[in-house]
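Trainee: Let's see this in three dimensions:
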Amino acid sequence: MSKRKKVFAINWMEVDALVKGKHDDPHHILGAHPCIDDLYVNVYLPDAKVVKVKDRKTGKTHSLVSERVPGFFSICIPSQQPFDYTVEAKFEDGHEESYIDPYIFEPVVDPIDISLFNEGIHDRVYEKMGSHPMEVDGVKGTLFAVWAPNAERVSVVGNFCQWDGRRYPMRKLDYSGIFELFIPGDFTGEIYKYEIRSKAGDVFMKSDPYAFSSEIRPANASRVVSLDYTWSDKKWMDARDRKSLAGKPVNIYEVHVGSWKRPEDGREFFGYREVADKLADYMLNMGYNYVELMPVMEHPYDPSWGYQITGYYAPTSRYGDPQDFMYFVDHMHEKGIGVLIDWVPAHFPKDDHGLGRFDGTALYEHEDPRKGEHPHWGTYIFNYSRNEVKNFLISNALYWADKYHVDGIRMDAVASMLYLDYGRGPGEWIPNEFGGNENLEAVAFIKDLNEKMNEKYPGVLMIAEESTAWPMITTPAQDGGLGFDFKWNMGWMNDFLGYMQLDPLYRKYHHNELTFSMVYAYSEKFILVLSHDEVVHEKGSMIGKMPGGYEDKFSNLRVAFGYMMTHPGKKLLFMGQEFAQFKEFNESGELDWSLFEFDAHICVRDYVKELNHLYQTEPALYELDHDPDGFSWINPNDANHSLLTFERRGKDEKDTLLVVCNFTPMEHKNYKLAVPSAGKWKEIFTSDAARFGGDGHNNKTMKQSKEGKVDGRTNYISITVPGLSVSVFKKK
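Mentor: Sure thing, here's the model as predicted:
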């Protein structure tokens with residue numbers, strides 16, 4: 001089975017270390033060891049009464065004896081070469097076990113894997129670390145491997161050994177800090193943890209950082225699973241082209257899987273498969289082409305919504321197993337819907353079973369709390385300067401693209417990664433080597449990740465949720481930028497929502513909050529977002545933010561959505577806002593679907609549906625999203641009337657649209673709208689249509705342009721501008 005270095009006698013100091021749970025190389029003493037012309041076979045089985053080894057080829061058995069140390073059984077077989085055997089044991093409590101000895105196998109994680117991991121460049125390290133059903137030397141079993149360089153001893157524990165850390169101690173591989181153990185037998189579906197003894201003598205259990213699955217919270221043991229799945233999305237994957245998306249419609253529906261809809265049969269959640277079927281149909285009907293999932297990685301605390309992750313490689317078991325989530329993505333692709341996932345490399349929680357102080361030391365995090373802890377979130381910050389930590393994160397992002405075919409990753413809390421003084425006062429942070437507040441290690445990590453994703457999975461989008469003016473977020477890393485494909489436009493969101501919450505009477509004093517976004521609109525490739533962040537923590541729902549009485553709120557909401565969809569930038573809307581849910585987002589229940597009993601909410605849903613259709617069918621609204629040629633103001637300065645007029649242009653002049661936004665309830669008849677060229681112009685969309693809940697004061701007839709100087713142009717049309725409305729015109 002394996003080649004062994006010759007030993008000449010049992011080292012009882014090693015046995016003592018083994019029994020006391022301090023040995024980091026149990027293979028050195030356990031298993032079969034040639035000794036000149038003889039063979040020692042050593043087994044450590046606490047509480048065993050009788051231990052034999054049986055030659056798997058001849059059937060001959062040998063009885064081992066325990067004379068000096070209880071539980072340590074040994075035999076010296078004269079003139080015997082190493083042979084394949086099983087251990088057969090009877091225990092004090094009467095039960096019996098028969099198994100192939102795990103301590104006769106050579107290391108599975110090879111030196112090349114170790115070297116790449118040490119350098120932080122093992123792109124598929126998840127195929128070595130964690131738990132992996134496999135075959136070694138013709139024997140089926142499971143490889144367990146974990147990085148714990150400062151541990152004195154690590155053992156695999158689970159129901160298969162009564163959670164006894166003495167049964168399966170692991171071997172520490174040279175030059176790595178990796179502990180591994182191949183255990184013969186079928187462990188698929190088994191739960192397990194790692195029992196770790198720190199150098200300080202503390203003994204504790206940790207979940208596997210690289211586990212592919214976990215128990216359902218509040219239990220938190222890792223689970224052995226395979227990632228086998230037969231995909232049917234080749235056509236989608238082959239056609240994926242992230243570089244072309246700058247000139248295509250990207251309309252994202254942000255979803256929390258567990259609270260979009262819930263079953264009525266007493267179950268807590270729908271599974272991934274059920275959600276996929278229901279959600280895909282809903283999104284297609286509504287006109288969304290991307291779904292963005294709040295984190296689906298394993299997390300113990302529901303109210304964290306997944307943003308405090310303990311299992312980075314495990315889709316949360318709340319909704320099913322890995323194959324169920326694979327089906328979710330596969331089904332979305334079949335329906336023509338891309339899947340984006342939220343990802344949190346900025347911080348992780350302090351739960352005892354998680355990454356924090358993993359081997360008894362600050363391993364994944366910084367030791368110094370001025371660099372290693374978020375004071376406001378109560379979490380640890382990853383140590384991006386440590387190669388193995390960087391490898392853990394980069395390979396994790398690649399893993400979701402590789403094993404789950406995701407189409408994009410939205411990186412959460414990027415600003416907190418970029419700035420050493422994020423959320424900290426004077427004296428609470430450590431400057432970088434140049435005395436600045438930039439986290440140079442985090443910057444390098446982000447660039448490395450984005451370059452690696454672009455190299456390995458060029459169809460996958462990388463999106464930054466970044467709330468500051470850090471430059472060149474969406475500039476390629478090789479050109480000095482961070483290398484993201486898109487950035488959430490947090491500035492637009494803050495200004496716009498601040499404006500929309502004002503009584504229309506006072507909006508004229510804040511007109512620049514509407515127009516300022518165009519000053520920097522082309523500095524990055526932006527996604528306009530009205531996300532979950534805006535409808536939590538007593539911020540109120542979108543409809544709840546709107547001023548005025550009941551009807552005014554709906555009119556204001558229609559204006560808000562209309563302006564968002566006609567403003568340059570890709571789009572994202574959080575679930576529930578498309579039908580004007582009044583309640584804030586709450587992860588403990590489903591969306592308030594009962595609101596469809598009321599016409600006003602049906603009208604908003606239908607409005608958003610048609611607005612989405614307008615966005616996806618009018619090239620002027622997306623083709624030149626990130627090109628100044630795609631937009632020009634007609635009149636951005638009519639603050640007294642809170643009116644905005646502008647052009648959106650596509651690559652073809654015939655696709656040009658004129659947009660009129662009125663942010664007060666005041667109707668304007670015979671309003672002169674400057675047009676770029678003479679001809680007939682038709683109103684193709686208005687938020688004031690009666691079917692949307694409006695007054696129906698729209699422009700029902702074609703408008704022939706007239707000559708006359710208006711807003712610096714030589715032609716205009718005379719139109720009606722309803723109160724609190726958005727109208728879109730196109731030349732016929």
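
Trainee: Show me how far the lowest-mean-pLDDT helix or strand in the chain is from its chain's centre.
Mentor: Lowest by mean pLDDT, DSSP states H and E among the helices and strands of the chain is strand 31-35, with a mean of 89. Put simply, strand 31-35 sits 48 Å off its chain's centre (Cα atoms, centre = their mean, to the nearest Å).

Trainee: do the same with stretch 276-283
Mentor: Using Cα atoms, centre = their mean, the offset of stretch 276-283 from its chain centre is 20 Å.

Trainee: List the buried residues of it.
Mentor: Ala276, Leu279, Ala280, Tyr282, Met283 (16 or more other Cβ atoms under 10 Å). Just so you know, the C-beta spots here come from the backbone N, C-alpha and C atoms, and that holds for glycine as well.

Trainee: quick one, what contacts the closest residue in space to Arg124 that isn't next to it in sequence?
Mentor: Residue nearest to Arg124 in three dimensions, not counting chain neighbours: Ser395, with 6.6 Å by Cβ to Cβ, 6 or more residues apart in numbering. Contacts for Ser395 (Cβ atoms under 8 Å, 6 or more residues apart in numbering) come out as His122, Asp123, Arg124, Val125, Tyr126.

Trainee: for these, which one is nearest Glu466?
Mentor: Asp123 (25.0 Å; Cβ to Cβ).

Trainee: Is it correct that the closest one is in contact with Tyr457?
Mentor: No: the pair Asp123 / Tyr457 is not scored as a contact, 10.4 Å apart, by Cβ atoms under 8 Å.

Trainee: More neighbours: which of those two?
Mentor: Tyr457 (22 against 16; other Cβ atoms under 10 Å).

Trainee: Please give the element, helix or strand, for the residue lying closest to that one once chain neighbours are set aside.
Mentor: Using Cβ to Cβ, 6+ apart and skipping residues adjacent in sequence, the residue nearest Tyr457 is Ala401, 4.2 Å away. Using DSSP states H and E, Ala401 maps to helix 387-404.

Trainee: Moving C-terminal from that helix, which element do we reach first?
Mentor: Next in sequence after helix 387-404, counting helices and strands by DSSP H and E, comes strand 408-411.

Trainee: quick one: low-confidence ranges for the stretch 301-450 of the chain?
Mentor: Within the stretch 301-450 of the chain, not a single segment meets pLDDT under 70.

Trainee: again, only using 90
Mentor: 375-376 (pLDDT under 90).

Trainee: where do the helices sit along it?
Mentor: In the stretch 301-450 of the chain, the helices defined using DSSP state H, counting those that start in this stretch lie at 322-334, 369-372, 387-404, 414-418, 440-456.

Trainee: Next: the stretch 501-650 of the chain.
Mentor: 512-515, 542-545, 550-566, 599-617.

Trainee: What's the ChimeraX line that selects buried ones from the contacts of Ser395?
Mentor: The ChimeraX selection below is limited to those of the contacts of Ser395 classed as buried (16+ other Cβ under 10 Å):
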select :122,123,125,126
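
Trainee: ok, now which ones touch the spatially most central residue of the chain?
Mentor: Nearest to the centroid of the C-alpha atoms of the chain, with distances taken as Cα atoms, centre = their mean, sits Trp343, at 2.7 Å. Applying Cβ under 8 Å, 6+ apart, we find Trp343 in contact with Pro295, Met297, Asn396, Ala397, Trp400, Ile409, Arg410, Met411, Asp412.

Trainee: Can you lay out those residues as JSON lines showing neighbour count and distance to Glu465?
Mentor: As requested, the contacts of Trp343 are exported to JSON lines (neighbours: other Cβ atoms under 10 Å; distance: Cβ to Cβ, whole Å):
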{"residue": "Pro295", "neighbour count": "23", "distance to Glu465": "12"}
{"residue": "Met297", "neighbour count": "22", "distance to Glu465": "16"}
{"residue": "Asn396", "neighbour count": "21", "distance to Glu465": "17"}
{"residue": "Ala397", "neighbour count": "24", "distance to Glu465": "15"}
{"residue": "Trp400", "neighbour count": "24", "distance to Glu465": "17"}
{"residue": "Ile409", "neighbour count": "28", "distance to Glu465": "11"}
{"residue": "Arg410", "neighbour count": "28", "distance to Glu465": "6"}
{"residue": "Met411", "neighbour count": "23", "distance to Glu465": "6"}
{"residue": "Asp412", "neighbour count": "22", "distance to Glu465": "5"}
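
Trainee: Put together a markdown table for those, with distance to Phe179 on each row.
Mentor: Listed next are the contacts of Trp343 as a markdown table, based on distance: Cβ to Cβ, whole Å:
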| residue | distance to Phe179 |
| --- | --- |
| Pro295 | 28 |
| Met297 | 24 |
| Asn396 | 20 |
| Ala397 | 25 |
| Trp400 | 26 |
| Ile409 | 30 |
| Arg410 | 34 |
| Met411 | 30 |
| Asp412 | 31 |
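
Trainee: Can you tell me which of those residues is nearest Lys654?
Mentor: Arg410 (35.0 Å).

Trainee: if I read this right, that closest one contacts Ile341, doesn't it?
Mentor: Yes: using Cβ under 8 Å, Arg410 is in contact with Ile341, at 7.1 Å.

Trainee: The least confident helix or strand of the chain pairs with which strands, and in what direction?
Mentor: strand 38-44 (antiparallel) (DSSP bridges).

Trainee: tell me the mean pLDDT for the partner strand?
Mentor: Mean pLDDT, computed over strand 38-44, is 93.

Trainee: Just after it, pick out the following helix or strand.
Mentor: Downstream of strand 38-44 (by DSSP H and E), the next one is strand 48-55.

Trainee: Would you state the helices of the stretch 1-150 of the chain in chain order?
Mentor: Using DSSP H, counting those that start in this stretch, helices in the stretch 1-150 of the chain cover 12-19, 111-119.

Trainee: Which of these sits closest to Pro102?
Mentor: Nearest of the helices of the stretch 1-150 of the chain (Cβ to Cβ): helix 12-19, 14.1 Å.

Trainee: Need the residues that contact the closest one.
Mentor: Residues contacting helix 12-19 (Cβ under 8 Å, 6+ apart): His23, Pro26, His28, Ile29, Leu30, Tyr44, Arg68, Val69, Gly71, Phe72, Arg166, Pro169.
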